[in-house]
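Asker: got a structure for you, letters missing:
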């Protein structure tokens, strides 16, 4: 299916979409460094990326009407800073809020479906009303705000509308680790399907679990044998009770285990000084800044450099010492291939990686969306699907 990607960043979400079979007809990103990273890899002919139509573009300048009928799916992650845990949390009053532009893209192109993502905080108490407005407006994208109408008033008018919705929309909070990403990264996913498809969108089903990881580590010991190391104690105190329960239940959890940092980096070896696998000095532990253990998925990478709170951008080695993830290691955590290169500095590249949607999660979500669309009987203009 032909797709458009908004707020593409360095390509984490787009790569997952491409791996799921979507063909990008348009890709837009406002950040010059992120576009430079994608162009660098496109020019090197990387799989899936070699033909990306990535442009340095302000989405507010896109004439979506010119693409109507040509794009079947729209995806993207509107800037999350207005809704993040840090910062001013200004939400819809933040000039960086691009949700109205995402909705305009849906209104003017009329795709079969869409997939948007954002920070978990968007679903929290502070911003829940705005998330509801986003969902209601996506259901009725043609019903725009009137002059002087606030989003609260617009939301209530949309909720009371007697017009048939153009899209069925659901939002789901997910953990990327539950879909094979080696990161504990919570996000809100918003799925939409054209009502003319006759399909109600459904929530994604996790494929990986913490319980299965604990089972492999502390019940069967398969995890330690696979890595050729002696068994360790559970990293987190709360896991000890869970391990005892799993042993007592004698019931093997379904699905796959969470993917750990050790799993992801096992064959990479230490920093070599080449191919973005370069040691970055300065990592240290202090209160609240402890890094990612090897035998769990990593903490969510953050869009910062040395001062990131929580130590999300560093790892704890077997001897208890810490060091920053190299760019190559961080790229693996995001699901980018080993030939994906970063032409910018470590701090700038880590910012891009911290903003990136893990490709493992976006691929799982894209396949989920693709399956739902293909299960429909008709397309948005009422023609039978071949």
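Answerer: Noted; the coordinates are in hand. What you see is a predicted model, and the numbers here were worked out from it, not measured in a lab.

Asker: who touches the longest helix seen in the chain?
Answerer: For the chain, the helix reaching the highest residue count under DSSP state H is reported as helix 359-374. Here helix 359-374 makes contact (Cβ atoms under 8 Å, 6 or more residues apart in numbering) with 1, 12-17, 19-22, 72-73, 75, 112-113, 115, 117, 174, 176, 179-182, 185, 187, 189, 191, 193, 197, 199, 201-202, 204, 207, 334-336, 385. The C-beta positions use only the backbone N, C-alpha and C, and glycine is treated the same way.

Asker: From those, list the buried ones, please.
Answerer: 1, 12-17, 19-20, 22, 72-73, 75, 112-113, 115, 117, 174, 176, 179-182, 185, 187, 189, 191, 193, 197, 199, 201, 204, 334-336 (16 or more other Cβ atoms under 10 Å).

Asker: Grab the nearest non-local neighbour of residue 229.
Answerer: Among residues not flanking residue 229 along the chain, residue 318 sits closest, at 8.0 Å (Cβ to Cβ, 6 or more residues apart in numbering).

Asker: my bad, residue 326
Answerer: Closest to residue 326 by Cβ to Cβ, 6+ apart is residue 277, at 4.9 Å.

Asker: in the sheet, who's paired with that neighbour?
Answerer: residue 274 (DSSP bridges).

Asker: Just checking, which helix or strand succeeds the helix or strand residue 25 falls within along the chain?
Answerer: With elements taken from DSSP states H and E, the one containing residue 25 is strand 23-29. Following strand 23-29 in sequence order, the next helix or strand is helix 32-43 (DSSP H and E).

Asker: Need the residue in this structure that's farthest from the chain's center.
Answerer: Distance from the C-alpha centroid of the chain, by Cα atoms, centre = their mean, peaks at residue 248 (35.6 Å).

Asker: hmm, back to that, look up the pLDDT of the residue nearest to residue 229 for me, please.
Answerer: As summarised for this prediction, residue 318 has a pLDDT of 95.

Asker: Number of residues surrounding it?
Answerer: Applying other Cβ atoms under 10 Å, we find 10 residues neighbouring residue 318.

Asker: quick check, it in a helix?
Answerer: No - secondary structure of residue 318 (DSSP: H, G, I helix; E, B strand; the rest coil): coil, not part of a helix.

Asker: How much space separates it from residue 262?
Answerer: Residue 318 sits at a distance of 9 Å from residue 262 (criterion: Cβ to Cβ, to the nearest Å).

Asker: sorry, back to before: ok, the residue nearest to residue 326 touching residue 330?
Answerer: No - with contact taken as Cβ atoms under 8 Å, residue 277 and residue 330 are classed as non-touching, separated by 10.4 Å.

Asker: Let me see the ranges of the strands in the stretch 151-300 of the chain.
Answerer: 167-175, 183-184, 186-194, 208-209, 256-257, 292-293, 298-299 (DSSP state E, counting those that start in this stretch).

Asker: and these, which is most packed in?
Answerer: strand 298-299 (a mean of 26; mean count of other Cβ atoms under 10 Å).

Asker: Not counting that one itself, show me its contacts.
Answerer: Around strand 298-299, the neighbours that count as contacts under Cβ under 8 Å, 6+ apart are 182, 183, 184, 261, 291, 292, 310, 311, 312, 315, 325, 333.

Asker: okay, who's weakest in those residues by pLDDT?
Answerer: Among those, residue 310 has the lowest pLDDT, at 49.

Asker: Need the strands of the stretch 151-300 of the chain in a markdown table (columns: distance to residue 266).
Answerer: Formatted as a markdown table, the strands of the stretch 151-300 of the chain follow (distance: least, Cβ to Cβ, whole Å):
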| stretch | distance to residue 266 |
| --- | --- |
| strand 167-175 | 22 |
| strand 183-184 | 16 |
| strand 186-194 | 26 |
| strand 208-209 | 17 |
| strand 256-257 | 14 |
| strand 292-293 | 15 |
| strand 298-299 | 14 |
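
Asker: Any idea which of those gets closest to residue 132?
Answerer: Among the strands of the stretch 151-300 of the chain, the nearest to residue 132 by Cβ to Cβ is strand 167-175 (8.9 Å).

Asker: in its sheet, what does the closest one sit against?
Answerer: Assessed with DSSP bridges, strand 167-175 is paired to strand 186-194 (antiparallel).

Asker: how does the protein divide into domains?
Answerer: Following automatic domain parsing, the chain resolves into domains at 2-206+357-374, 208-355.

Asker: Which stretch among those is buried most, on average?
Answerer: Highest mean neighbour count among the domains of the chain (mean count of other Cβ under 10 Å): domain 2-206+357-374, a mean of 19.

Asker: where does the chain have low pLDDT?
Answerer: 80-96, 304-311, 377-386 (pLDDT under 70).
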